[in-house]
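> predicted model and sequence below, questions to follow.
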Amino acid sequence: MLDARFFQEDSAELEKALQRRNADPALIQRLNELAKSRKHLIQRTETLKAQRNKASQEIAQLKAKAKSNPSVATEAERRISEMKEVGDQIKALDTELAQVEDQLSYESYRIPNIPHSSVPDGISSAANVEVRKWGSSPTFEFEPKDHIALGERLGVLDFERASKLSGARFALYFGAGAALERALIQFMLDLHTREHGYQEVIPPFLVNRDTMTGTGQLPKFEQDLFKTGVEERELFLVPTAEVPLTNIFSNEILEPGRLPVYFTAYSPCFRSEAGSYGKDTRGLIRQHQFQKVELVKFVEPEKSYDELEAMVKNAERVLQLLELPYRVMLLCSGDMGFGAAKTYDLEVWLPAQRAYREISSCSNCEDFQARRAKIRFRQEAQGKPRFAHTLNGSGLAAGRTFIAILENFQDKEGNIQIPKVLHRYLEGAPGFSRRGAELWILAKS
RNA sequence: GGAGAGGUGGCUGAGUGGUCGAAAGCGCCGGUUUUGAAAACCGGUGAGGGGGUAACCCCUCCGUGAGUUCGAAUCUCACCCUCUCCGCCA
């Protein structure tokens, strides 16, 4: 959510910003009118309320005196009937005001965040800018297989049986596959907690409507979420651990010295994404459920862009230690997520696709989420509360990391070599074989 | 799942229709005193919104939402949450 002042005053700036985000600039006109109407109604209703409060006190005094003086009692009755009129007016105005505020919040909750000045203009991923590249894509003396062929041959992935259980876009991991995914998660959590200063959290994976609204998934993207249960108890499955983590401090004012706070959490992520059918229909790339390790930061506004750079480095470190080639992309204004002011994507090299594919997305949301979720802090003990800046990033998506390992480290027979940093997690596990200093998942010959 | 109790300011806790944004205590901040600290004493100490150049003024908020009333922390209804006991379970 944006500051209400934005669409009350300098709407030209906002209109420009919204065009950069592919949003409808006509919204601004409407918001402007609603904001004016709100202000007007507040002024009228508050004048009447002040009048009523004053009269209530006077009536109380009159009632106290009325016992000894009957004429005062008549006066009190007269004032009460007078105030009845005022009360009706207040009620009518308050009803109107509530409607205007409902509309105002309905509309303003649907406006995306404004891009930071360093974000390039553009309407699609074509306008994203490559910032840097790490590692070199491996050369193969054979045609590299994709992770589906590799995974099924090794017996570690099964999409057909998964669809029997849950339908399309779900996966079963077996044996060494399940162990590898789990090892990746543990490796990532260990790295972030031991070397990057994040505190590990296990959050709820089901959250309420307020929580989803706080981070920006609602009200606009309800169709992308899975929802549980019947109407009386509405809960949503988290599409990312960003949601519960960021909302940890909702409706709180953090004491001076508390910031920065770094959290990391593993969670399964559940995404309905009704609009995405037709893309990546096969394999692990796009699933209704996937595993991810998330990074979230709460920081002072002045530091949030430095913190974003640091967070990207934290995510990159995972890929570097796994020896997976990747590049860092700065997203253009039209390709960013709803709440982001600036986003870097990490894209890992997938040999079978001969393409870089997103494996992490790190964003500075500035005060967009903080404003919605009311996440504030005090700089000094006596200071005014300020909105914190929130950041989130994948560190990393485990499923896609799994794909990258299969595809990048395959040999001609479809065996998979395991990166060194994972050996300590997988040494001796069923399905893994030693070859000298190397560790492999071997295809049955 | 069954039965009961309760949600008030940073914390403890009073308040059951009328100057109650809320007693008291603790905590915190400032001051007096002190060589310094503690103690003691004095004063201050929530958030959001509206108006004003400003000093400052006004409105709202006692779990959330609706209702009754001239007037609600206080009465009514619904919901959420917490605690205790029983049952069940990892």
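Structure's in. What do you need?

> how far does stretch A:215-230 sit from the chain's center?
Chain-centre distance of stretch A:215-230: 12 Å, with CA atoms, centre = their mean, to the nearest Å.

> ok, stretch A:249-265 next?
Chain-centre distance of stretch A:249-265: 16 Å, with CA atoms, centre = their mean.

> is RNA strand B contacted by it?
Yes. Contact of stretch A:249-265 with RNA strand B (CB under 7 Å from any atom of the strand) involves A:Ile253. Using the backbone N, CA and C atoms, a C-beta is placed for each residue, glycine as well.

> buried residues, that stretch. List them.
Neighbour counts over stretch A:249-265 (16 or more other CB atoms under 10 Å) mark A:Phe249, A:Ser250, A:Leu254, A:Leu259, A:Pro260, A:Val261, A:Tyr262, A:Phe263, A:Thr264, A:Ala265 as buried.

> again, but for stretch A:119-133
Neighbour-count burial for stretch A:119-133, counted by 16+ other CB under 10 Å, picks out A:Val119, A:Gly122, A:Asn128.

> so of the buried residues of stretch A:249-265, which ones are in strands?
Here DSSP state E is the test, and the buried residues of stretch A:249-265 give A:Leu254, A:Val261, A:Tyr262, A:Phe263, A:Thr264, A:Ala265 as lying in strands.

> next SSE after the biggest helix by length in chain A?
For chain A, the helix that runs over the most residues, judged by DSSP state H, is helix A:26-66. Sequence order places helix A:70-108 as the next helix or strand after helix A:26-66, per DSSP states H and E.

> tell me the angle that next one makes with helix A:26-66.
Angle of helix A:70-108 versus helix A:26-66, following axes from the mean of the first three to the mean of the last three CA atoms, to 10 degrees, is 160 degrees.

> now helix A:70-108: mean pLDDT?
For helix A:70-108, mean pLDDT rounds to 86.

> one more: stretch A:238-247?
Confidence for stretch A:238-247, expressed as mean pLDDT, is 96.

> is RNA strand B contacted by it?
No. Using CB under 7 Å from any atom of the strand, stretch A:238-247 never reaches RNA strand B; the gap is at least 14.4 Å.

> related to what we said a few turns ago, go through the buried residues of stretch A:119-133 and name the one nearest RNA strand B.
Nearest to RNA strand B among those is A:Val119, at 26.8 Å by CB to the nearest atom of the strand.

> did I read that right, the closest one in a strand?
No. Under DSSP: H, G, I helix; E, B strand; the rest coil, A:Val119 sits outside any strand and is assigned coil.

> got the phi and psi for it?
phi -90, psi 130 (degrees, to the nearest 10).

> list the contacts for it?
With contact taken as CB atoms under 8 Å, 6 or more residues apart in numbering, A:Val119 is in contact with A:Arg20, A:Leu330, A:Leu331, A:Cys332, A:Ser333, A:Met336, A:Ala341, A:Lys342.

> shaky segments in the stretch 101-250 of chain A?
Residues of the stretch 101-250 of chain A that meet the criterion pLDDT under 70 lie in A:229-232.
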